[in-house]
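Student: Turn this into a structure:
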Amino acid sequence: RPTGKDRKGVQNMEKLVSTKTMEAIDSKAQKEWAIPPLILMEQAGVRAWRAFIAKDPQQWENCKVTFIAGGGNNGGDALVMAREALFTNFKDITIILLGSRLSEASVIQRKIVENLGMKVVELEQNGAIGEEARKIIGESDLLVDGIVGSGLKGPLRGVIEELVELINGQKERGCHILSIDIPSGCGDPFSATGARIMANTTITMGLHKVCAYHPALREGWGTIIKVNPSFPPQLLEEAPSEASL
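Tutor: Numbers count the residues shown, from 1 in each chain. This is a model prediction of the structure:
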């Protein structure tokens, strides 16, 4: 940390917050500022996709992109991103769905991509990763991780743990892994030994998370790009800081 006299250093420092703080900001934005969750989801997905593509648009021309969407709001963000990819002329898009507990906003997003005629595949067949889903993941150039967000309680297990291992294995052949908000399995509290996505890029929402910069987890976040899904600036400014970057 810079000394109090180092004004330039202080101005350049950025707060790091817990995932619990970001969840509180999300809740306040809805309850106190009357911003519906669907609007936050729309803004998150659209801004995240545009921020990612803007870094190197030519790199992703003609690529096979697969969005892996869980049943929560993190998965809903992935579905908005998939739709934005469609609207920005990406041709080879597949959506893999998982999860039985669906948020209201995610139900709407699933219906939209269905109505658009986008290719949608269920992850599981008879309690295991289906062969079609496994093949799609193995052939993708870009995998978008919308499996679980900061609301995760406990370690990833079962089919999801197997899915994470399958996704991470694609990096060896040059597939790029893009995580939404946090790499799945990397929230607070975290386990350094638990299953988690090892992303090349993470589009994080609102504020930077302190867990992203813990030495045991930092590598798994890759390049971090921050976007604001229309959270009121006042909420971001008054959020308590866990550390400074």
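Student: show me what contacts residue 240?
Tutor: Shown in contact with residue 240 (C-beta atoms under 8 Å, 6 or more residues apart in numbering): 17, 21. Yep, even glycine has a C-beta here, placed from its N, CA and C like the rest.
Student: what do you get for the one 4 residues further on?
Tutor: For residue 244, the residues meeting the contact criterion (C-beta under 8 Å, 6+ apart) are 1, 13-16.
Student: Out of those, which end up buried?
Tutor: For the contacts of residue 244, a neighbour count by 16 or more other C-beta atoms under 10 Å gives the buried set as 15-16.
Student: Let me have the contacts of residue 244 in JSON lines, extended by distance to residue 222.
Tutor: Formatted as JSON lines, those follow (distance: C-beta to C-beta, whole Å):
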{"residue": "1", "distance to residue 222": "26"}
{"residue": "13", "distance to residue 222": "22"}
{"residue": "14", "distance to residue 222": "18"}
{"residue": "15", "distance to residue 222": "21"}
{"residue": "16", "distance to residue 222": "17"}
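Student: quick check, nearest of the contacts of residue 244 to residue 150?
Tutor: The closest of the contacts of residue 244 to residue 150 turns out to be residue 16 (C-beta to C-beta; 13.9 Å).
Student: helix/strand/coil for the closest one?
Tutor: Here residue 16 is recorded as strand under DSSP: H, G, I helix; E, B strand; the rest coil.
Student: Which residues does it form beta bridges with?
Tutor: residue 208, residue 243 (DSSP bridges).
Student: Pull the contacting residues for it.
Tutor: By C-beta under 8 Å, 6+ apart, the contact list for residue 16 reads 207-210, 212-213, 241-245.
Student: List just the nearest of these to residue 181.
Tutor: residue 209 (8.4 Å).
Student: Next one: residue 212 from residue 218, what distance?
Tutor: Remark: distance between residue 212 and residue 218 (C-beta to C-beta, to the nearest Å) = 7 Å.
Student: Compare the two (neighbour count), which wins?
Tutor: Each of residue 212 and residue 218 has its neighbours counted (other C-beta atoms under 10 Å); residue 212 has more, 20 against 13.
Student: roughly how far apart are residue 224 and residue 245?
Tutor: According to C-beta to C-beta, residue 224 stands 10 Å off from residue 245.
Student: joint contacts of these two?
Tutor: By C-beta under 8 Å, 6+ apart, residue 224 and residue 245 have these common neighbours: residue 208.
Student: shaky segments in the chain?
Tutor: Low-confidence segments of the chain (pLDDT under 70): 1-11.
Student: For it, which segments count as strands?
Tutor: Assigned by DSSP state E, the strands in the chain fall at 15-17, 64-69, 92-97, 119-122, 124-125, 128-129, 142-146, 176-180, 201-205, 208-209, 223-227, 243-244.
Student: Now do the same contact list for the spatially most central residue of the chain.
Tutor: Nearest to the mean C-alpha position of the chain, counting by C-alpha atoms, centre = their mean, stands residue 180 at 1.1 Å. For residue 180, the contact set (C-beta under 8 Å, 6+ apart) comprises 44, 48, 74, 77-78, 81, 144-146, 149, 202-203, 205.
Student: Columns distance to residue 122 and neighbour count on top of those, output as CSV?
Tutor: Listed next are the contacts of residue 180 as CSV, based on distance: C-beta to C-beta, whole Å; neighbours: other C-beta atoms under 10 Å:
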residue, distance to residue 122, neighbour count
44, 24, 28
48, 24, 27
74, 18, 28
77, 19, 33
78, 15, 30
81, 19, 29
144, 17, 30
145, 17, 29
146, 15, 31
149, 20, 23
202, 26, 26
203, 25, 26
205, 27, 25
